[in-house]
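Participant: Sequence first, then the predicted structure, then my questions.
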Amino acid sequence: MKKVILVSDNHGNAHVLRKIVDKHYDADLYLHCGDSEMFKKDLKPFYSVRGNNDFGFDFDKSNILVIENLKILIMHGYGYVAPYTTKYLVEYASKMDIDAVFYGHTHIKDDFTVDNIRYLNPGSCNHSRDGSLPSYYELLIDKKEIEVIVHEIEGDKIC
């Protein structure tokens with residue numbers, strides 16, 4: 001089993017990322033779905049893809065990772081999602097041989113499955129757009145199963 005921390009859209013807030021890493025020092029992998037607005041060296045230990053606000057930063061637009069036999073597409077989602085619609089993301093992912101999609105951009109948590117592909121958006125760990133607290137996901141991945149633990153951030157406190 002692997003413990004993976006999944007975040008997105010911190011928009012330059014390095015403090016919140018440090019708090020998350022401190023809380024989950026035992027994670028096997030830290031993933032960022034873009035819009036960090038930070039350099040790779042400042043983002044460590046997170047692996048990140050490029051978001052629409054990450055211009056000038058050297059990140060891949062997307063990537064496919066294999067974790068515990070799961071093929072996972074990690075991307076920001078810009079151009080494929082908007083608040084309250086994932087239609088184009090689902091159309092795009094359905095043409096790929098993958099098990100899951102990790103994405104961000106909307107600043108709204110999401111977790112759904114279409115045609116055996118799991119879609120996970122941890123929301124924003126800096127600023128939510130749906131009135132909820134900022135958030136991120138702790139994922140426990142075992143074989144082909146993903147258990148999602150939602151963490152919310154209130155001020156300096158991670159719930």
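Facilitator: Cool, the structure landed.
Participant: Can you spell out which helices and strands pack onto the longest strand that the chain contains?
Facilitator: Ranked by number of residues, the top strand in the chain under DSSP state E is strand 145-154. Other helices and strands packing on strand 145-154, by 3 or more Cβ pairs under 8 Å, 6 or more residues apart in numbering; DSSP states H and E, are helix 14-23, strand 117-122, strand 135-142. In this view, the C-beta of every residue, glycine as well, is placed from N, C-alpha and C.
Participant: Quick one: distance of that strand to the chain centre.
Facilitator: 11 Å (Cα atoms, centre = their mean, to the nearest Å).
Participant: Other residues contacting it?
Facilitator: Strand 145-154 has contacts (Cβ atoms under 8 Å, 6 or more residues apart in numbering) with 16, 19-20, 23, 70, 100, 109, 111, 118, 120, 125, 132-141, 158-159.
Participant: Restricted to buried residues, select these in PyMOL.
Facilitator: Buried subset of these, written as a PyMOL selection, criterion 16 or more other Cβ atoms under 10 Å:
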select buried, resi 16+19+20+70+100+109+118+120+125+133+134+135+136+137+138+139+141+158
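Participant: sorry, back to before: figure out which of the helices and strands packed on strand 145-154 is closest to residue 4.
Facilitator: Of all the helices and strands packed on strand 145-154, strand 135-142 sits nearest to residue 4, with 4.3 Å by Cβ to Cβ.
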